[in-house]
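Undergrad: Sequence first, predicted coordinates after that:
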Amino acid sequence: MIQDTCDKEDILDRLILVRRRLQLLQARMTLHGKEENARQVRRMSNEVSREIDRLLNNMVRDWVGTFDELREDIKGSNAKLRSRISSLNKNVENVRKFVKVVEVVDDILKAARSL
């Protein structure tokens with residue numbers, strides 16, 4: 001995904017550069033009185049602008065889709081983590097109870113040995 005995003009950003013940068021060059025060319029054509037050529041270059045510039053917008057929209061959609069998947073993954077992981085922490089807390093409590101049982105048995109053995 002990262003490589004794909006970098007590739008799209010590189011293409012976007014290049015398209016923005018092309019649009020800027022077309023806009024400069026359009027201005028030159030207009031300054032030299034070549035209105036028909038200037039209109040043709042403006043149409044190409046507008047087409048490049050639409051492609052830039054399309055690419056930007058796709059990049060945002062891709063990011064949002066990835067974000068939604070990531071958010072769901074994190075939600076699921078958090079639920080598992082809560083469950084495992086709860087289980088661990090129960091195990092710790094069981095160990096404490098076992099230690100108390102061992103202490104009582106130890107006391108019983110001490111009392112029996114003292115007889």
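TA: Looks like it came in fine. Residues are numbered from 1 along each chain as shown.
Undergrad: Only C-alpha atoms from now on, for both contacts and neighbour counts.
TA: Will do.
Undergrad: in what helix or strand does the residue nearest to the spatial centre of the chain lie?
TA: Nearest to the mean C-alpha position of the chain, by Cα atoms, centre = their mean, lies residue 67 at 4.5 Å. Using DSSP states H and E, residue 67 falls within helix 35-113.
Undergrad: roughly how far is that helix from the heart of the chain?
TA: Centroid separation for helix 35-113 versus its chain: 10 Å, with Cα atoms, centre = their mean, to the nearest Å.
Undergrad: now for it, which elements pack on it?
TA: Counting contacts by 3 or more Cα pairs under 8 Å, 6 or more residues apart in numbering; DSSP states H and E, helix 35-113 is packed against helix 2-31.
Undergrad: Next, the angle from the helix it packs on to helix 35-113.
TA: Relative orientation of helix 2-31 versus helix 35-113 (axes from the mean of the first three to the mean of the last three Cα atoms, to 10 degrees): 160 degrees.
Undergrad: still on that earlier bit, with residue 91 as the reference, measure out to the residue nearest to the centre of the chain.
TA: Per Cα to Cα, to the nearest Å, residue 67 is found 36 Å from residue 91.
Undergrad: Alright, I will stop here.
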